[in-house]
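Q: predicted model, plus sequence, below.
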Amino acid sequence: MSAHRFTAISTGLSMALLGALTSALAASAPPETSTCLACHGANGEGMAAAGYPRLAGLSSLYLTEQLNAYIDGRRVNAIMSGIANPLSAQQIQSIADYFSALPASSAPSPSALDAAQSSLGRQLAERGDWDNGIPACFNCHASGGIGVQPAFPPIAGQPAAYIEAQIKAWKTGTRQGSPQNLANALMYSVAMRMDETQTKAVAAWLAAQPLPAPDTRPAHTKP
(Lines give C-alpha, C1' and ligand atoms only; values in the text may rest on other atoms or scores of the structure.)
Protein backbone atom coordinates (compact mmCIF):
# COMPACT_ATOMS: atom_id res chain seq x y z
CA MET A 1 0.00 0.00 0.00
CA SER A 2 1.38 3.43 -0.92
CA ALA A 3 2.17 5.96 1.80
CA HIS A 4 -0.35 8.39 0.25
CA ARG A 5 -3.15 5.82 0.32
CA PHE A 6 -2.26 4.81 3.88
CA THR A 7 -2.37 8.46 5.01
CA ALA A 8 -5.73 8.99 3.31
CA ILE A 9 -7.20 5.88 4.96
CA SER A 10 -5.78 6.84 8.36
CA THR A 11 -7.20 10.35 8.06
CA GLY A 12 -10.58 8.97 7.01
CA LEU A 13 -10.65 6.57 9.95
CA SER A 14 -9.65 9.34 12.38
CA MET A 15 -12.46 11.59 11.14
CA ALA A 16 -14.92 8.70 11.33
CA LEU A 17 -13.89 8.00 14.92
CA LEU A 18 -14.24 11.67 15.82
CA GLY A 19 -17.68 11.74 14.21
CA ALA A 20 -18.77 8.67 16.15
CA LEU A 21 -17.43 10.14 19.39
CA THR A 22 -19.23 13.44 18.80
CA SER A 23 -22.51 11.66 18.01
CA ALA A 24 -22.21 9.53 21.14
CA LEU A 25 -21.53 12.57 23.31
CA ALA A 26 -24.40 14.51 21.74
CA ALA A 27 -26.76 11.63 22.46
CA SER A 28 -25.72 11.71 26.13
CA ALA A 29 -26.00 15.49 26.52
CA PRO A 30 -27.36 16.36 29.97
CA PRO A 31 -30.73 18.17 29.87
CA GLU A 32 -29.28 21.43 31.20
CA THR A 33 -27.25 21.80 27.99
CA SER A 34 -30.34 22.13 25.77
CA THR A 35 -30.37 25.94 25.91
CA CYS A 36 -26.60 26.05 25.28
CA LEU A 37 -26.88 23.82 22.21
CA ALA A 38 -29.52 26.09 20.66
CA CYS A 39 -26.99 28.91 20.26
CA HIS A 40 -23.60 27.23 20.49
CA GLY A 41 -24.39 24.40 18.08
CA ALA A 42 -25.33 20.76 18.42
CA ASN A 43 -21.67 19.84 18.83
CA GLY A 44 -20.58 22.97 20.67
CA GLU A 45 -19.04 24.30 17.46
CA GLY A 46 -20.41 27.81 17.91
CA MET A 47 -22.40 29.99 15.49
CA ALA A 48 -20.08 32.40 13.70
CA ALA A 49 -22.85 34.35 11.97
CA ALA A 50 -24.31 35.33 15.32
CA GLY A 51 -20.97 35.72 17.10
CA TYR A 52 -21.61 32.80 19.45
CA PRO A 53 -18.31 31.15 20.41
CA ARG A 54 -17.19 27.55 20.15
CA LEU A 55 -17.49 25.78 23.51
CA ALA A 56 -16.30 22.33 22.43
CA GLY A 57 -12.89 21.52 23.83
CA LEU A 58 -12.71 24.42 26.28
CA SER A 59 -11.57 23.26 29.70
CA SER A 60 -14.16 22.41 32.31
CA LEU A 61 -12.52 24.77 34.79
CA TYR A 62 -12.61 27.67 32.31
CA LEU A 63 -16.27 27.09 31.43
CA THR A 64 -17.23 26.84 35.10
CA GLU A 65 -15.45 30.11 35.82
CA GLN A 66 -17.23 31.88 32.96
CA LEU A 67 -20.71 30.73 34.00
CA ASN A 68 -20.02 31.84 37.57
CA ALA A 69 -18.78 35.19 36.23
CA TYR A 70 -22.13 35.74 34.52
CA ILE A 71 -23.91 34.94 37.77
CA ASP A 72 -21.88 37.27 40.00
CA GLY A 73 -21.71 40.10 37.46
CA ARG A 74 -18.04 39.93 36.47
CA ARG A 75 -19.25 39.25 32.94
CA VAL A 76 -22.26 41.20 31.69
CA ASN A 77 -24.46 39.85 28.90
CA ALA A 78 -28.24 39.98 29.05
CA ILE A 79 -28.72 36.59 27.37
CA MET A 80 -25.99 34.68 29.17
CA SER A 81 -26.67 36.20 32.57
CA GLY A 82 -30.32 35.18 32.28
CA ILE A 83 -29.36 31.63 31.36
CA ALA A 84 -26.64 31.22 33.98
CA ASN A 85 -28.41 32.70 37.00
CA PRO A 86 -30.92 29.86 37.60
CA LEU A 87 -28.24 27.15 37.32
CA SER A 88 -27.13 25.21 40.37
CA ALA A 89 -23.47 24.46 41.02
CA GLN A 90 -24.08 20.85 39.98
CA GLN A 91 -25.71 21.92 36.71
CA ILE A 92 -22.85 24.28 35.94
CA GLN A 93 -20.35 21.48 36.49
CA SER A 94 -22.39 19.14 34.30
CA ILE A 95 -22.48 21.67 31.44
CA ALA A 96 -18.77 22.42 31.75
CA ASP A 97 -17.80 18.75 31.81
CA TYR A 98 -19.97 17.98 28.79
CA PHE A 99 -18.58 20.67 26.50
CA SER A 100 -14.99 20.13 27.60
CA ALA A 101 -15.27 16.49 26.46
CA LEU A 102 -16.45 17.42 22.94
CA PRO A 103 -13.76 17.50 20.24
CA ALA A 104 -13.13 21.02 18.98
CA SER A 105 -13.72 21.64 15.30
CA SER A 106 -10.60 22.35 13.29
CA ALA A 107 -12.52 24.40 10.71
CA PRO A 108 -11.94 28.18 10.92
CA SER A 109 -14.82 30.63 11.21
CA PRO A 110 -15.71 32.49 8.00
CA SER A 111 -13.99 35.88 8.02
CA ALA A 112 -13.55 38.42 5.21
CA LEU A 113 -10.38 40.47 5.58
CA ASP A 114 -8.26 42.38 3.10
CA ALA A 115 -4.48 42.19 2.75
CA ALA A 116 -3.80 45.11 5.09
CA GLN A 117 -6.09 43.69 7.79
CA SER A 118 -4.55 40.26 7.40
CA SER A 119 -1.02 41.64 7.76
CA LEU A 120 -1.88 43.71 10.84
CA GLY A 121 -3.89 40.91 12.44
CA ARG A 122 -1.12 38.39 11.93
CA GLN A 123 1.47 40.80 13.33
CA LEU A 124 -0.55 41.39 16.49
CA ALA A 125 -1.23 37.69 16.99
CA GLU A 126 2.30 36.47 16.31
CA ARG A 127 4.56 39.39 17.27
CA GLY A 128 2.42 42.00 18.99
CA ASP A 129 3.03 45.75 18.89
CA TRP A 130 5.69 46.32 21.50
CA ASP A 131 6.02 50.02 20.64
CA ASN A 132 2.56 50.41 22.14
CA GLY A 133 2.97 47.86 24.92
CA ILE A 134 0.89 45.15 23.21
CA PRO A 135 2.34 41.62 23.52
CA ALA A 136 1.57 38.97 20.92
CA CYS A 137 -1.65 37.03 21.49
CA PHE A 138 0.35 33.83 21.02
CA ASN A 139 2.67 34.72 23.90
CA CYS A 140 -0.12 33.59 26.22
CA HIS A 141 -2.57 31.69 24.01
CA ALA A 142 0.24 29.55 22.51
CA SER A 143 1.51 29.25 18.97
CA GLY A 144 -1.37 29.02 16.54
CA GLY A 145 -3.81 30.28 19.20
CA ILE A 146 -4.45 26.75 20.46
CA GLY A 147 -4.62 27.96 24.07
CA VAL A 148 -2.91 27.05 27.33
CA GLN A 149 -5.86 25.88 29.32
CA PRO A 150 -7.47 26.68 31.66
CA ALA A 151 -6.03 30.20 32.03
CA PHE A 152 -5.69 31.01 28.33
CA PRO A 153 -8.45 29.50 26.14
CA PRO A 154 -8.03 28.60 22.46
CA ILE A 155 -8.76 31.63 20.27
CA ALA A 156 -8.00 30.30 16.77
CA GLY A 157 -11.17 29.84 14.74
CA GLN A 158 -13.44 31.61 17.21
CA PRO A 159 -15.91 34.00 15.51
CA ALA A 160 -14.45 37.43 14.72
CA ALA A 161 -17.50 39.15 16.21
CA TYR A 162 -16.98 37.26 19.47
CA ILE A 163 -13.25 38.03 19.76
CA GLU A 164 -13.88 41.69 18.97
CA ALA A 165 -16.71 41.87 21.50
CA GLN A 166 -14.54 40.36 24.23
CA ILE A 167 -11.67 42.81 23.69
CA LYS A 168 -14.21 45.64 23.94
CA ALA A 169 -15.79 44.06 27.03
CA TRP A 170 -12.42 44.03 28.81
CA LYS A 171 -12.09 47.74 27.94
CA THR A 172 -15.52 48.74 29.22
CA GLY A 173 -15.45 46.56 32.33
CA THR A 174 -18.33 44.34 31.21
CA ARG A 175 -15.91 41.43 31.33
CA GLN A 176 -13.78 40.99 34.42
CA GLY A 177 -12.11 37.98 35.92
CA SER A 178 -11.21 36.73 39.34
CA PRO A 179 -8.82 39.21 40.99
CA GLN A 180 -6.58 36.26 41.89
CA ASN A 181 -6.13 35.36 38.21
CA LEU A 182 -3.24 37.30 36.70
CA ALA A 183 -4.42 36.37 33.19
CA ASN A 184 -7.44 38.61 33.70
CA ALA A 185 -5.32 41.61 34.67
CA LEU A 186 -3.14 41.00 31.64
CA MET A 187 -6.10 40.89 29.24
CA TYR A 188 -7.47 44.15 30.64
CA SER A 189 -4.08 45.81 30.19
CA VAL A 190 -3.71 44.57 26.61
CA ALA A 191 -7.27 45.51 25.62
CA MET A 192 -6.88 49.05 26.92
CA ARG A 193 -3.91 49.59 24.59
CA MET A 194 -5.63 48.33 21.43
CA ASP A 195 -7.40 50.72 19.08
CA GLU A 196 -10.43 49.92 16.91
CA THR A 197 -8.38 49.08 13.81
CA GLN A 198 -6.15 46.67 15.71
CA THR A 199 -9.11 45.05 17.44
CA LYS A 200 -10.96 44.36 14.20
CA ALA A 201 -7.83 43.16 12.39
CA VAL A 202 -6.68 40.65 15.00
CA ALA A 203 -10.22 39.38 15.54
CA ALA A 204 -10.71 38.76 11.83
CA TRP A 205 -7.30 37.13 11.40
CA LEU A 206 -7.71 34.81 14.38
CA ALA A 207 -11.17 33.79 13.20
CA ALA A 208 -9.69 32.64 9.90
CA GLN A 209 -7.12 30.35 11.57
CA PRO A 210 -7.90 26.63 11.93
CA LEU A 211 -7.23 24.71 15.09
CA PRO A 212 -4.86 21.78 14.57
CA ALA A 213 -6.76 18.55 13.96
CA PRO A 214 -7.03 16.44 17.11
CA ASP A 215 -4.30 13.83 17.51
CA THR A 216 -6.21 10.55 17.56
CA ARG A 217 -3.19 8.26 17.61
CA PRO A 218 -2.87 5.83 20.54
CA ALA A 219 -0.77 7.32 23.33
CA HIS A 220 2.01 4.76 22.90
CA THR A 221 2.54 5.81 19.24
CA LYS A 222 2.90 9.55 19.88
CA PRO A 223 6.40 11.04 19.92
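A: Great, that's in hand.
Q: in terms of pLDDT, where does residue 215 sit?
A: Confidence at residue 215, expressed as pLDDT, is 51.
Q: for the chain, which helix or strand comes out least confident on mean pLDDT?
A: In the chain, no helix or strand scores lower on mean pLDDT, DSSP states H and E than helix 3-27, which sits at a mean of 44.
Q: which residues are in contact with the following helix or strand past that helix?
A: The first helix or strand that comes after helix 3-27 along the chain, using DSSP states H and E, is helix 34-40. Here helix 34-40 makes contact (C-beta atoms under 8 Å, 6 or more residues apart in numbering) with 29, 44, 46-47, 50, 52-55, 79, 83, 95, 99. From N, CA and C alone the C-beta is placed, and that goes for glycine too.
Q: below-threshold pLDDT in the chain: ranges please.
A: 1-27, 179-180, 213-223 (pLDDT under 70).
Q: now do 90
A: 1-28, 105-114, 176-185, 211-223 (pLDDT under 90).
Q: just the strands in it please.
A: Assigned by DSSP state E, the chain shows no strands.
Q: hmm, back to that, ok, of the contacts of helix 34-40, which one's closest to residue 193?
A: residue 53 (23.1 Å; C-beta to C-beta).
Q: and the closest residue to the closest one other than its chain neighbours, how far from residue 29?
A: For residue 53, ignoring the flanking residues on the chain, the nearest one in space by C-beta to C-beta, 6 or more residues apart in numbering is residue 162 at 4.6 Å. To residue 29, residue 162 is 22 Å away according to C-beta to C-beta, to the nearest Å.
Q: the two: which is more packed in?
A: residue 162 (22 against 19; other C-beta atoms under 10 Å).
Q: quick one on the thing from earlier: run through the residues that contact the residue nearest to residue 53.
A: 46, 51-53.
Q: just residue 70 next, same as before
A: 77, 80-81, 83-85.
Q: can you redo the contacts of helix 34-40 as TSV with distance to residue 119?
A: Shown next, in TSV, are the contacts of helix 34-40 (distance: C-beta to C-beta, whole Å):
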residue	distance to residue 119
29	41
44	32
46	26
47	28
50	28
52	28
53	25
54	25
55	31
79	35
83	38
95	39
99	34
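Q: of those, keep whichever come out buried.
A: The neighbour count (16 or more other C-beta atoms under 10 Å) marks 29, 44, 46-47, 52-55, 83, 95, 99 as buried among these.
Q: name the nearest of those residues relative to residue 147.
A: residue 54 (11.2 Å).
Q: the closest one contacts residue 104, doesn't it?
A: Yes. Counting by C-beta atoms under 8 Å, residue 54 touches residue 104, with 6.4 Å between them.
Q: quick one: which of the contacts of residue 70 sit in helices?
A: 80-81, 83-84 (DSSP state H).
Q: does residue 120 really touch residue 203, like I thought?
A: No. In this structure residue 120 lies outside contact range of residue 203 using C-beta under 8 Å: 11.1 Å.
Q: between the two, which has more neighbouring residues?
A: Of the pair residue 120 and residue 203, residue 203 is the one with more neighbours under other C-beta under 10 Å, namely 28 against 19.
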